[in-house]
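> pasting a predicted model and its sequence here:
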Amino acid sequence: MAGTVLWTGEGISLAIGTQVLLDDAKISIHAGERVALVGRNGSGKSTFMRIVAGTEQPATGEITCARGLRIACMEQDCTRYRDVSVRDAIAEGLAYFNDIHRQLDAMRPGSAEQEKLERILTLHDAWDPAHKIEVVAQKLNLPPLDSLCGALSGGELRKVMLARAIAADPDLLLLDEPTNHLDIGAITWIEDFLADYRGTCLFVTHDRCFLDRIATRIVELDHGKFYSCEGSYADFLAAKAAREYREDQAEYKRQSFLRREIEWVRRSPKARLRRNLGRIKRYEETAAQSAPDRIGSMELIIPKAGRLGNQVVRIENVSHAMGGKPLIRNFSFEFEAGQRVGILGPNGAGKTTLLKLITRQLTPDSGKIEVAPTVVFNYIGQAHLELNPNHTVLEEIGEGHEFINLGDERVSIRGYLRRFLFEDDRVNTRIDRLSGGERARIALAKILKSGGSFLILDEPTNDLDLPSMRVLEEALVGYSGCLAVVSHDRYFLNRVCTHIIAFEPDGHLFAGPGDYDYYIKHRPAVRQAAAAPAPKKDAPPPKPKSPPKKLSYKEERELAELEPEIERLEGRVSEIEAIFSAPDFFANHGSESAALQNELNGLRETIDGLYARWDELEQKKQALQS
């Protein structure tokens, strides 16, 4: 099926009440593509995925599929698996191959049909279904196969549903938010799997690193229409800005035409109007056209942090275990004002335990934690993000009050909610009737209204759409207090964090300045240094047979200049990415999008070359010294 069209929708339309999800939309999916579907929360992405899967039908339109197309999707509603084992849940994905095995058992040996079915089993490595289940479970680090799905955490259950879809080896794989609630190790495995996947994939994601690595094409669903863009997330932002710029220019011309025609009608006598019915008709047709639809951006303001001294929280030689398992070993770190610390590690490694130690909800087994008296924590963990489903939006945030104090600013609850894109017609909606993205915005609104000088966020980007995530990032970067944030979103960690605390195996923690990419680049050196055997104290150091060798003066100077040059260029890359990610990008920089994108591409290429040269000189230096 390579290169062929697998699935096509023409003129598809669908509305739920007054909300139009698909409006005479058109889209095709080709074999071998990995298509990322993006859009605002509530724009209809999951509904469209169900249409592709065949579990929902559009109101109008024509859908065409390739002959024999096999589609598998990662299920979101897992309630029916509550009493099913992990093994049996994954085995459901192998129904197609189990059917082939039954056909072969009943088939006459040596027939042409037998050879065809055997080729299918060989192609998909499905001769041993039980082994296939074990391989997928091991790679995704799933719980024991005999475990009941009802006893698993939300993240573990998502991995089981992902394993069920992957085990099917379909022609078209549908994944709706596959990375939500997964740790970076599991996300990386999914990326590696999809990068080598023989079939075609359509996926919804808000993970921008995942999107950049996997997607061959990005399709945005915006006001019922599909807009396609090949390239990276930055390319998509530039193309979207250029499209909106063209639309707004056309709207400006339309409004100018209408103003001129209205003035002409006012000045013209009735007899002249009767002779120019064609001109009046053109005016009426133009006036009937609608302006481009635009959804406002979330306006997220974090209350100003209170005064913090030089020392905020000091962790000294802390160790802690849970159920006999060491989570933290001899860890020391000092939080300072203005730091934005990203905390990452596998699920269950101890990230939440560390946060509870910092906030004194737990006492360490050994070591000490000192908290300055000026620190006011605002810590909302995953358990505290639960909203009352019976409350309205207004009741959940207002809690019986009509106003809220945001630092020195006093605003009404309705005004505060408008900043989170909840207009007056939505504030009386019950929580249980909101979309996942709307509930995530309400949780953020509830967290951030409390202020505090030390803000702690646990997975704040889950279920947020891309525009809302960019606004959250901008607000956190401008936060004047101290921030600790648990996240598996690598793009978020790169944009927000000044320091990283990472859980390594056996309770060891890495802590240092820099963002996620800096941590990944320097982590191997840290591990090698830690693993190197210490020289025996009673053994004298061996005498060198010859004087130590060094880089040449020119190479030493080049190496010394490389790092500040890389930092300078990476700073400019961050500036351009921030420009692209800003909610007001179109208003301030829409006409510059092409030039900015060219500069960004050139900078990235230059930085890659400088890193390669830096690695070359460092390796040479270490080899000479050894």
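Thanks, I have it.
> after the helix or strand of the chain with the lowest mean pLDDT comes which helix or strand?
Lowest on mean pLDDT, DSSP states H and E among the helices and strands of the chain sits helix 270-275, with a mean of 60. For helix 270-275, the following helix or strand on the C-terminal side (DSSP states H and E) is helix 277-288.
> packing partners of the helix or strand that that next one is followed by?
The first helix or strand that comes after helix 277-288 along the chain, using DSSP H and E, is strand 313-322. Here strand 313-322 touches strand 325-335, helix 351-358, strand 366-371, going by 3 or more C-beta pairs under 8 Å, 6 or more residues apart in numbering; DSSP states H and E. All C-beta atoms are positioned from the backbone trio N, CA, C, and that covers glycine.
> so Thr179, which of the three states?
coil (DSSP: H, G, I helix; E, B strand; the rest coil).
> now for it: which residues touch it?
Residues near Thr179 by C-beta atoms under 8 Å, 6 or more residues apart in numbering: Ala186, Ile187, Ile190, Thr205, Asp207, Phe210, His488.
> the fourth one: neighbour count?
This points to Thr205. When neighbours are defined as other C-beta atoms under 10 Å, Thr205 has 21 of them.
> residues in contact with it?
By C-beta under 8 Å, 6+ apart, the residues touching Thr205 are Ala36, Val38, Leu175, Glu177, Pro178, Thr179, Leu211.
> using JSON lines, lay out those residues together with distance to Phe585.
Below are the contacts of Thr205 laid out as JSON lines (distance: C-beta to C-beta, whole Å):
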{"residue": "Ala36", "distance to Phe585": "20"}
{"residue": "Val38", "distance to Phe585": "16"}
{"residue": "Leu175", "distance to Phe585": "29"}
{"residue": "Glu177", "distance to Phe585": "25"}
{"residue": "Pro178", "distance to Phe585": "28"}
{"residue": "Thr179", "distance to Phe585": "25"}
{"residue": "Leu211", "distance to Phe585": "18"}
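> in ChimeraX, select just the buried ones from those residues.
The buried residues among these can be selected in ChimeraX (16 or more other C-beta atoms under 10 Å) with this line:
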select :36,38,175,177,178,179,211
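> show me the residue at the heart of this structure, geometrically.
Asp207 (1.9 Å; C-alpha atoms, centre = their mean).
> so that one sits against Leu493, correct?
No: Asp207 is beyond contact range of Leu493, at 11.5 Å (criterion: C-beta atoms under 8 Å).
> and Tyr81, how many neighbours?
Look at Tyr81: counted by other C-beta under 10 Å, it has 21 neighbours.
> ignore what I typed, I meant Tyr479.
Neighbour count for Tyr479, taken as other C-beta under 10 Å: 18.
> phi, psi for it please.
The phi/psi pair for Tyr479 (degrees, to the nearest 10) reads phi -70, psi 130.
> quick check: closest non-adjacent residue to it.
Counting by C-beta to C-beta, 6 or more residues apart in numbering, Ile302 is the residue found nearest to Tyr479 once chain neighbours are left out, at 5.3 Å.
> how far away is the one you found from Phe492?
Ile302 is 16 Å from Phe492, where distance means C-beta to C-beta, to the nearest Å.
> so Gly150 lies in a helix, does it not?
Yes: per three-state DSSP, Gly150 lies within a helix segment.
> quick one, what contacts it?
Taking C-beta under 8 Å, 6+ apart as the contact definition, Gly150 lies against Tyr81, Arg82, Asp83.
> the first one touches Ala89, doesn't it?
Translated: Tyr81. Yes: judged on C-beta under 8 Å, Tyr81 makes contact with Ala89 at a distance of 5.1 Å.
> common neighbours of those two, please.
Residues touching both Tyr81 and Ala89 (C-beta under 8 Å, 6+ apart): Cys149, Val160, Met161.
> how close does the residue lying closest to the first one once chain neighbours are set aside sit to Lys116?
With sequence-adjacent residues excluded and distances taken as C-beta to C-beta, 6+ apart, Cys149 is closest to Tyr81, at 4.2 Å. If you measure Tyr81 against Lys116 using C-beta to C-beta, the figure is 33 Å.
> do Glu263 as well
Relative to Lys116, Glu263 is positioned 74 Å away (C-beta to C-beta).
> also Glu134?
In this view, Glu134 and Lys116 are 27 Å apart by C-beta to C-beta.
> show me which of those two is the more surrounded one.
A count of neighbours by other C-beta under 10 Å puts Glu134 above the other of Glu134 and Lys116, at 15 against 10.
> returning to what we had before: pull out the buried residues from the contacts of Thr179.
Ala186, Ile187, Ile190, Thr205, Asp207, Phe210, His488.
> nearest to Arg433, of those?
Thr205 (25.0 Å; C-beta to C-beta).
> list the buried residues in stretch 404-415.
Those would be Ile404, Leu406, Val411, Ile413, Arg414, for stretch 404-415 by 16+ other C-beta under 10 Å.
> what about the longest helix seen in the chain, distance to the chain center?
As assigned by DSSP state H, the longest helix anywhere in the chain is helix 233-267. Chain-centre distance of helix 233-267: 32 Å, with C-alpha atoms, centre = their mean, to the nearest Å.
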